[in-house]
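Trainee: Sequence below, structure please.
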Amino acid sequence: MKKRVAILISGGGSNMVALARSMGKDHPAKPVLVLSNNANAGGLQKAADLGIPTAIVDHRQFDTRPDFETGLHKALLAADPDIICLAGFMRILSAGFVENWAGKILNIHPSILPLFPGLHTHQRALDAGMAVHGCSVHLVTPELDAGPILGQAVIPVLSADTPDDLAKRLLPMEHQLYPAALKKFASGDQTKVTFP
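Mentor: Residues are numbered from 1 along each chain as shown. Got it, this is the predicted structure:
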């Protein structure tokens, strides 16, 4: 039986589309929900166009983070996912929420972890004089961007690169790495995927 995958987004959903399109007939998983905390997220329409059910749990409609996470938890329970993929989901999840779904949440992060957890990774890589930059897929744990690494991809940093240049060059690598890591994880294999 295929693993059920819920994908959480906040924006355009390009990684969500890459994940969803990768889950074909021979894949051990299938997308069952795309959920956003932003009613205006462009990825919601893309998911609907792909025939994937969508849901909105708008964090602005809740007074506290625990209340928002209760709403998020209920929406996820209704979809009964085996795996949750964070794909540009711009909310930090509490330790309690993560523990409820322990071992089931994947995230893609735009750096070669453990370097540069958190935000502004492209600028920080440039500021540090890095020769290479990249992205990582990891299991989500209560500590931010610190869970076991399931995959990494690396690109060179060019002398004229800006943060935007790095982001644009890295995105196609994210679109290869995340589906590859998800396929391996869904088949029960947590050995690391690397690109190139």
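
Trainee: Going by C-alpha atoms from here, please, whenever you check contacts or count neighbours.
Mentor: Fine.

Trainee: On the three-state scheme, residue 85 is what?
Mentor: Assigned by DSSP: H, G, I helix; E, B strand; the rest coil, the conformation of residue 85 is strand.

Trainee: Please renumber the chain so that the first residue is 20 from this point on.
Mentor: Noted, 20 is the first residue going forward, which turns the last one into residue 104.

Trainee: Model confidence for it, exactly?
Mentor: According to the predicted model, the pLDDT of residue 104 comes to 98.

Trainee: so how many other residues sit close to it?
Mentor: Around residue 104 there are 27 other residues, counting by other CA atoms under 10 Å.

Trainee: Could you do residue 23 as well?
Mentor: Residues near residue 23, counting by other CA under 10 Å: 18.

Trainee: Name the residues that touch the helix or strand hosting it?
Mentor: Here residue 23, judged by DSSP states H and E, is contained in strand 22-28. Contacting residues not belonging to strand 22-28 are listed as 35, 47-56, 60, 62, 95, 98-109, 205 [CA atoms under 8 Å, 6 or more residues apart in numbering].

Trainee: if you skip the residues just before and after it, what's nearest to residue 47?
Mentor: In space, and not counting its chain neighbours, residue 47 is closest to residue 21: 5.1 Å by CA to CA, 6 or more residues apart in numbering.

Trainee: got a list of what that neighbour touches?
Mentor: 46, 47, 48, 49.

Trainee: give me that answer again for 7 Å
Mentor: Counting by CA atoms under 7 Å, 6 or more residues apart in numbering, residue 21 makes contact with 47, 48, 49.
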